[in-house]
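Participant: my questions are about this predicted structure, shown below with the sequence.
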Amino acid sequence: MKAKGLIIGMAAIALAAGCKKDDGTGSGNYDSNPPKLFVNGADVLKDTLKFTLSPELYLTFEVEDDRDERTLSMSKLEDGLVYYAGNLINNTAVDISGIDNGQLRFRALEAGTFSFFLTVKDPDEKSSTALVEITALGNLRPQAKMTVQQTGTNSPYEVRINAAGSTDADAAWGGAITQYEYTLEGFYTTTTVRDYIDYIYPEPGRYTIILRVQDNEGAWSEPITKEVVVQ
């Protein structure tokens, strides 16, 4: 009877040991918290890319959990693709057991705003979700701006037309002004990469100057007009 009781007791201890969970410290216990998921360091990520220059954006996910077994899943997404480890994960789940971080590649198929959820889940069905919202910009037209000053440097009727204040509306995402078109009414039109020109008028008078600027995707701004009085 004693031997039988010893065997039963040992079996109960072994069964209890088998039910213990590991918290990663070797203590044999897991906590009861769900995993945490972050994309680029946030659980709600909003970002922008310039679709017409590059339709892709790289994102980094991080998982905080004491469980090694886990899956990463993604909600359905229209007109956009998300890849992990070279595989498309739209509306699917992938095994990321033992992986605490990784890189995702988002690709927009057209300009617009894209929203999707990423979810990490452990074997106990505990999960957390991160929201990703990406705006894929089409090209935004530049805006022209100029100042005109009568300098009289080489002639009393010399003026400097300065377009340095012109801006590209999407400069923060790679847009840039590449050309300036100056039209001096009644005389000539010139296109140059310089953001200013000096011009000598033949005589005093009232003159009209028209400026347009072009961005690095070939779009021209609306022309602006300025009247200058040369004395």
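Facilitator: The structure has been received and is ready for your questions. Numbering: from 1, shown residues only.
Participant: how far off centre is stretch 42-53?
Facilitator: Relative to the chain's own centre, stretch 42-53 is displaced by 3 Å; criterion: C-alpha atoms, centre = their mean, to the nearest Å.
Participant: try stretch 185-199
Facilitator: Taking C-alpha atoms, centre = their mean, one finds stretch 185-199 lying 36 Å from the centre of the chain it belongs to.
Participant: ditto for stretch 158-177
Facilitator: Going by C-alpha atoms, centre = their mean, the spacing between the C-alpha centre of stretch 158-177 and its chain's C-alpha centre is 23 Å.
Participant: measure that stretch end to end?
Facilitator: Taking C-alpha to C-alpha, to the nearest Å, stretch 158-177 runs 26 Å from one end to the other.
Participant: give the rounded mean pLDDT of that stretch.
Facilitator: Throughout stretch 158-177, pLDDT has a mean value of 95.
Participant: outline the domain layout of this protein.
Facilitator: Per automatic domain parsing, the domain ranges recorded for the chain read 29-137, 142-230.
Participant: how confident was the prediction at the closest residue to Thr225 other than its chain neighbours?
Facilitator: Closest residue in space to Thr225, ignoring its immediate chain neighbours: Ile210 at 5.2 Å, by C-beta to C-beta, 6 or more residues apart in numbering. The way it works is simple: take the backbone N, C-alpha and C, and place the C-beta from them, glycine included. Reading off the per-residue confidence, Ile210 sits at a pLDDT of 97.
Participant: and the one 3 residues further on, by the same measure?
Facilitator: On pLDDT, Val213 comes in at 98.
Participant: that one contacts Tyr180, correct?
Facilitator: Yes - proximity of Val213 to Tyr180 meets the contact threshold set by C-beta atoms under 8 Å, at 5.4 Å.
Participant: which residue is nearest the middle of the protein?
Facilitator: The centroid of the chain falls nearest to Thr48 when counting by C-alpha atoms, centre = their mean (3.5 Å).
Participant: got the contact list for that one?
Facilitator: Neighbour list for Thr48: 134-137, 172-173 [criterion: C-beta atoms under 8 Å, 6 or more residues apart in numbering].
Participant: could you do Gly80 as well?
Facilitator: Contact criterion C-beta under 8 Å, 6+ apart gives 90, 106-109, 114, 116, 134, 136 as the residues in contact with Gly80.
Participant: restricted to buried residues, select the residues you listed in ChimeraX.
Facilitator: What follows is the ChimeraX syntax for the buried subset of these, where burial is set by 16 or more other C-beta atoms under 10 Å:
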select :106,107,108,114,116,134,136
